[in-house]
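J.: Any chance you could fold what I've pasted below:
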Amino acid sequence: MLSNTTRCSTKTATLALLALLCAGCSQTPHTPLLDNSLAYGDVRVLNRLTPSVDKNLMLRLYKVPSHDHSCGIETEQPCNYVYTLSVSTFDEHPEVNTYSLGTGYISDIAWLNEGAVDTVKLQYTMKFYSDSATPPTEQRVEQHVISVTPKTLIQMESANPSKL
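T.: Sure, this is the predicted structure:
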C-alpha cells in the first residue's frame, strides 16, 4: 500500500509531466513572416483556379504586405507583397512544404496541365513596383512558370523583365 506522501508526489510528477507535454504541443515557432501572415496576411486557395485541370496537390498562396516600400506617405499603401506558397498532398499522412516566391505583386496566376503525380505547374505574372511611385507608375514585369512538388520548386521559365 502506498503512503499519502508517495501518492501525492506521484500525482504531482504526473501533472507536471502532463503540463510540460501540453506546453510543448502548443508552442509555435514565431517568425516575423508567420506572425504577419497570421495577423494581417491574405490567403488564396489555388485549387479553385482553372477548374478544367485535375488537382492532385493542395496549394495555398499567402500574401503579406512588404514594409520596405510604400506607394505614398499619405496613403501608406504597400506596393509590394511577400509571397509564400504552401504545398501538401491529400494523403492520410500528407507531405507538406512551403516555398518563397519573392516580393512584388503576383497577378494572372493559372494552373497548367501536368501529367506527373504530385506535381503542379503554375504560370503567373510578377510585377515589381518602383520604391518612389505615388501611385505606382513605373514597374518591371516578369512571367514565371514553375513546377512544384512537396519536395521541390523548379523555375521552368522566366521571361526577361520588361518596363511598363
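J.: can you list the weak-confidence ranges in this protein?
T.: The model of the chain has pLDDT under 70 over residues 1-30, 33, 67-79, 130-139, 158-164.
J.: Show me the strands in it, by range?
T.: 42-45, 58-65, 81-88, 96-112, 120-129, 139-148, 153-158, 162-163 (DSSP state E).
J.: want to throw these into CSV with mean neighbour count?
T.: From N, CA and C alone the C-beta is placed, and that goes for glycine too. Listed next are the strands of the chain as CSV, based on neighbours: other CB atoms under 10 Å:
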stretch, mean neighbour count
strand 42-45, 12
strand 58-65, 19
strand 81-88, 19
strand 96-112, 15
strand 120-129, 20
strand 139-148, 17
strand 153-158, 12
strand 162-163, 10
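J.: Let me have the ones you listed in a markdown table, extended by distance to Pro32.
T.: Shown next, in a markdown table, are the strands of the chain (distance: least, CB to CB, whole Å):
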| stretch | distance to Pro32 |
| --- | --- |
| strand 42-45 | 17 |
| strand 58-65 | 9 |
| strand 81-88 | 10 |
| strand 96-112 | 13 |
| strand 120-129 | 21 |
| strand 139-148 | 24 |
| strand 153-158 | 22 |
| strand 162-163 | 31 |
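J.: Mind checking those for the one nearest to Ser52?
T.: strand 96-112 (9.1 Å; CB to CB).
J.: ok, Met126 to Val53 distance?
T.: Per CB to CB, to the nearest Å, Met126 is found 21 Å from Val53.
J.: Kindly report the same for Thr98.
T.: Using CB to CB, we find Thr98 at a distance of 22 Å from Val53.
J.: Ser88 too?
T.: Using CB to CB, one gets 17 Å for the distance from Ser88 to Val53.
J.: go on, Tyr40?
T.: Using CB to CB, Tyr40 is found at 31 Å from Val53.
J.: what about the two, which has more around it?
T.: Ranked by neighbour count (other CB atoms under 10 Å), Tyr40 and Val53 place Val53 first, with 15 against 9.
J.: List the residues that contact the closest residue to that one other than its chain neighbours.
T.: Nearest non-adjacent residue to Val53, counting by CB to CB, 6 or more residues apart in numbering: Trp111, 4.9 Å away. Neighbouring residues of Trp111 by CB atoms under 8 Å, 6 or more residues apart in numbering: 46-47, 49-50, 53, 55, 120-122.
J.: hmm, try it at 7 Å
T.: Trp111 sits next to 46, 49-50, 53, 120, 122 when contact means CB atoms under 7 Å, 6 or more residues apart in numbering.
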